[in-house]
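Colleague: Sharing a model prediction with you, sequence too.
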Protein chains: 2
Amino acid sequence: MKQTEQIRSLLNRLARLDAGEGWAGDLNPAQRDALDYLARANRFSRSPSHVAEYLDTTRGTMSQTLKALVRKGYLSEKRSIMDKRVVSFTLTDQGQKATSDINIINHGLDDLNVSDRKDLHKGLTDLLESVLKKSGGKTFGICHTCRHFSKESQGGFCNLLSEPLTELETKQICHEQDSA
Amino acid sequence: MKQTEQIRSLLNRLARLDAGEGWAGDLNPAQRDALDYLARANRFSRSPSHVAEYLDTTRGTMSQTLKALVRKGYLSEKRSIMDKRVVSFTLTDQGQKATSDINIINHGLDDLNVSDRKDLHKGLTDLLESVLKKSGGKTFGICHTCRHFSKESQGGFCNLLSEPLTELETKQICHEQDSA
DNA sequence: CTGCAATAGTTTCGACTCGCTACTAATTAA
DNA sequence: TTAATTAGTAGCGAGTCGAAACTATTGCAG
């Protein structure tokens, strides 16, 4: 078998093993992936559309999943005042707690040495970037690596949205992120 | 965010993009993963139990998925004569064709240079091994890397099952594989 | 200003996954 | 020969998934 196919197979198998863990508690893999994204996204990137695009699914499907998460008490929902069509989700305390739970992949990574782990991280990042470029998908990168970002003494500033950013926010995922 | 969590996130996102891209037509991710495994497994490793264990799911769930694949014409089913409880699946021509279709991850890997690709392959392999060791899962490795394997002029021989192996079979996945 | 297109999100549908429990049939152990 | 184990399947309920239809809001061209 070609090496490329092996890599694809490894990727899928690891994701599956990780997903199997997800049922711990009352979250299924899709729900956990959504919660996982929302825990890391900034305030401009927490709508159903954004989660759907990040996880490569439809708005309809994601709407269902998010509804389930709200019902189970992991998320709270807030309608925007600026644009009354827009909805934004925030993690409840229960949601915060769930995302910090350790999992099997994190355990496995403990066995890798620092250098190997760095290589793996770089390899996956490069691969994702290349896949996204070919499929036209957005990168959903970290705020402070964006060409619209300006560093300030306290946090930063987004030149695209003309909004000040807290220190924490500069480290979150943004749906508008475009590498500098 | 910690690097380990980023790696987990990258893994899941890549697997999701791969699943979304879909193959030729009417296969969902679970069905494709099963077909993908069966295309690479040897004749001792093609039962519902084996696929279920490889993909970390239950026999019941996998039974359903395999039934769907048979109905759609991707697999054919055969009962064993030795042990009448055992079922073994083989890919039809349609099934063979489906597995050879290119996909988005393979495309993305084209952009990585040879060295980076090798690093990525090694990193994922090590990670999987470590995860499996901790969870008690089987490795499902390649036949000729097994401690029960003996090389012969034409193919090889399995000392565990006392069976001669063709050249092709020595390169397939085996559920009994145990590294030398 | 008005009417129409675009956008954000939801609902419903049918096929399917998933873990679970309960079941049948075949095989193996006591 | 009976009892335990193993392989596989059936049915249940919750939920995913894509697709299409639908509501509400916003933006835009005339």
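Modeller: Yep, that arrived.

Colleague: make it CA atoms for all contacts and neighbour counts henceforth
Modeller: Fine.

Colleague: hey, which helix is longest across chain A?
Modeller: When chain A is parsed with DSSP state H, its longest helix is helix A:114-135.

Colleague: what comes up buried for that helix?
Modeller: By neighbour count, and taking 16 or more other Cα atoms under 10 Å in any protein chain shown as the criterion, the buried residues in helix A:114-135 are A:116-117, A:119-132.

Colleague: What of stretch A:91-109?
Modeller: If you call a residue buried by 16+ other Cα under 10 Å, then stretch A:91-109 has these buried ones: A:91, A:95, A:96, A:98, A:99, A:103, A:104, A:105, A:106, A:108, A:109.

Colleague: before we move on, back to that, what angle separates the longest helix of chain A from helix B:114-135?
Modeller: 110 degrees (axes from the mean of the first three to the mean of the last three Cα atoms, to 10 degrees).

Colleague: Look up the closest residue to residue A:135, ignoring the ones flanking it.
Modeller: residue B:104 (7.9 Å; Cα to Cα, 6 or more residues apart in numbering or on different chains).

Colleague: Is DNA strand C within reach of stretch A:162-180?
Modeller: No. Using Cα under 7 Å from any atom of the strand as the criterion, no contacts between stretch A:162-180 and DNA strand C are found, and the smallest distance is 11.4 Å.

Colleague: for that stretch, the distance to its chain's centre please.
Modeller: The gap between where stretch A:162-180 is centred and where its chain is centred comes out at 14 Å by Cα atoms, centre = their mean, to the nearest Å.

Colleague: Quick check, pLDDT for the residue nearest to residue A:135.
Modeller: On the pLDDT scale, residue B:104 is placed at 76.

Colleague: Next: the one 5 residues further on.
Modeller: Looking at residue B:109, its pLDDT stands at 85.

Colleague: Are the strand or helix carrying it and DNA strand D in contact anywhere?
Modeller: When elements are assigned from DSSP states H and E, residue B:109 belongs to helix B:104-110. No. Using Cα under 7 Å from any atom of the strand, helix B:104-110 never reaches DNA strand D; the gap is at least 14.8 Å.

Colleague: Counting by contacts, list what that helix packs against.
Modeller: Taking 3 or more Cα pairs under 8 Å, 6 or more residues apart in numbering or on different chains; DSSP states H and E as contact, the helices and strands that helix B:104-110 lies on are helix A:3-21, helix A:114-135, helix B:3-21.

Colleague: between those helices, which one is nearest to DNA strand C?
Modeller: helix A:3-21 (5.0 Å; Cα to the nearest atom of the strand).

Colleague: any idea how far the very next helix or strand once past that closest one is from the chain center?
Modeller: Downstream of helix A:3-21, the first helix or strand assigned by DSSP H and E is helix A:29-40. Its chain's average C-alpha position is 7 Å from that of helix A:29-40, according to Cα atoms, centre = their mean.

Colleague: elements contacting the next helix-or-strand element following helix A:29-40?
Modeller: Heading C-terminal from helix A:29-40, the first helix or strand you meet, by DSSP H and E, is helix A:48-54. For helix A:48-54, the packing partners by 3+ Cα pairs under 8 Å, 6+ apart come out as helix A:29-40, helix A:59-71.

Colleague: what pLDDT does the spatially most central residue of chain A get?
Modeller: If you average the C-alpha coordinates of chain A and look for the closest C-alpha using Cα atoms, centre = their mean, you land on residue A:37, 3.1 Å from that point. Model confidence at residue A:37, given as pLDDT, is 92.

Colleague: Excluding residues flanking it in the chain, which one is nearest it?
Modeller: Distances taken as Cα to Cα, 6+ apart put residue A:51 closest to residue A:37, at 7.0 Å, once the chain neighbours are dropped.

Colleague: Next, count neighbours for the one you found.
Modeller: Look at residue A:51: counted by other Cα atoms under 10 Å in any protein chain shown, it has 24 neighbours.

Colleague: contact partners of the helix holding residue B:109?
Modeller: A:4-5, A:8, A:127-128, A:130-131, A:134-135, B:14, B:18, B:21, B:117 (Cα atoms under 8 Å, 6 or more residues apart in numbering or on different chains).
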